[in-house]
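Enquirer: no sequence on hand, only this structure:
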C-alpha cells in the first residue's frame, strides 16, 4: 500500500471516491467536493486549499481523508483567533494549518474514509 497527497478531487473518478463513502455522507461526496472546487469556493485565494490524503492498494483507492490548508480562520466554526494571536505575538506562524473540516459548515460526521475489508489501523498508519 502507498500513501499520497493530491491537490484536487478531480484526481479521482467519482465512482472510485464515493465507494469509500457507503453511507453517502454529503460533505464527502465527490460531487459536493467537485462543486466546491469548480465554483472556486475553495482553492487559490479563498483561504481553503484542498489537499486529499489517500492510501492506495495497487490501483485501488482504499483510504482517504479530505484536508484543507488554511491561511486564515474564516469560514470555520472553530474559534482559534486567540491561538493565532498568541503565535503571532511570539513570532511564530500559526498558518498555514491543516484542517479536516467540511468548509463553511459546522457539520459533524466522518472524516476518514476506509474501504470495507481493510484494516483501519494499517490504513491510518500510512
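Expert: Nice, I can see it. Computed from a prediction, not measured in an experiment: that's the story for all the values here.

Enquirer: against residue 85, how distant is the residue nearest to residue 110 when sequence neighbours are not counted?
Expert: Counting by C-beta to C-beta, 6 or more residues apart in numbering, residue 110 lies nearest to residue 25, which is 5.6 Å off, once chain neighbours are set aside. Just so you know, the C-beta spots here come from the backbone N, C-alpha and C atoms, and that holds for glycine as well. Distance, residue 25 to residue 85, by C-beta to C-beta, to the nearest Å: 34 Å.

Enquirer: show me where the protein has strands.
Expert: All strands of the chain, identified by DSSP state E, fall at 2-6, 48-57, 60-70, 97-99, 112-114.

Enquirer: pipe those into JSON lines and attach mean neighbour count per row.
Expert: Shown next, in JSON lines, are the strands of the chain (neighbours: other C-beta atoms under 10 Å):
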{"stretch": "strand 2-6", "mean neighbour count": "12"}
{"stretch": "strand 48-57", "mean neighbour count": "18"}
{"stretch": "strand 60-70", "mean neighbour count": "20"}
{"stretch": "strand 97-99", "mean neighbour count": "16"}
{"stretch": "strand 112-114", "mean neighbour count": "19"}
